[in-house]
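Undergrad: Build me a model:
(one chain, ligands or ions: 2)
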Amino acid sequence: MDDCLFCKIARGDIPSRKVYEDDAIFAFHDINPARPTHLLVIPKKHIVSLATASAADTPVLGRMLAVANRLATENGSPDGFRVIINTGRIGHQEVQHLHAHIVGGPDPVGPMLKRV
Ligand code: AMP
Ligand code: ZN
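TA: Numbering: from 1, shown residues only. Ligands and ions are numbered 1, 2, ... in the order given. Okay, here's the model as predicted:
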């Protein structure tokens, strides 16, 4: 996708603080971190969201999760972390290229969500 921010980051057309890359995924620091550790892991392939991912995307989705512990450990969150994948309007997804947030740091990130 020519016009997609995260496609451009994955291609290196827009700079990012890269922490990992392989043939299928790319990971970098969130530009506006919510926690001391805040990484984004994306597929290099343009997938809009979990709402549009298909069964063919299963390997890349698995790889995004499988690398999370290593990236968290290497980037300041060795004792656990949280993975968040905001999806669509209800999930408050702002960038329309699938991404997993990995958040953590030295301190616990707190309760999952405010309960209704
Ligand atoms: P979401 O609300 O799940 O779509 O999250 C989008 C995330 O992308 C936010 O946490 C932003 O801070 C982050 N973000 C936006 N632009 C950039 C960028 N150029 N480099 C790194 N992170 C970005
Ligand atoms: Zn894209």
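Undergrad: Confirm that G88 lies within a strand, as I assumed.
TA: No: using DSSP: H, G, I helix; E, B strand; the rest coil, the assignment for G88 is coil, not a strand.
Undergrad: which residue packs closest to it, ignoring adjacent ones?
TA: Distances taken as CB to CB, 6 or more residues apart in numbering put A51 closest to G88, at 5.2 Å, once the chain neighbours are dropped. Just so you know, the C-beta spots here come from the backbone N, C-alpha and C atoms, and that holds for glycine as well.
Undergrad: A10 now?
TA: F26 (4.4 Å).
Undergrad: Same check on S77?
TA: Here the residue nearest S77, using CB to CB, 6+ apart, is G104, at 3.0 Å.
Undergrad: Now that neighbour, what are its backbone angles?
TA: The phi/psi pair for G104 (degrees, to the nearest 10) reads phi 180, psi -150.
Undergrad: Pretty sure it sits against T73.
TA: No: G104 lies out of contact with T73 (CB atoms under 8 Å); the separation is 9.5 Å.
Undergrad: Specify which residue of those two has the higher count of neighbours.
TA: Counted by other CB atoms under 10 Å, G104 and T73 do not tie: G104 has more neighbours, with 24 against 15.
Undergrad: mind checking how far the more buried one is from R17?
TA: 16 Å (CB to CB, to the nearest Å).
Undergrad: how about the helices in the protein?
TA: 5-11, 58-66, 68-74 (DSSP state H).
Undergrad: Let me know which of those is tucked in deepest.
TA: Highest mean neighbour count among these (mean count of other CB atoms under 10 Å): helix 5-11, with a mean of 18.
Undergrad: That one - contacts with which helices or strands?
TA: Where contact means 3 or more CB pairs under 8 Å, 6 or more residues apart in numbering; DSSP states H and E, helix 5-11 is packed against strand 25-29, strand 37-43.
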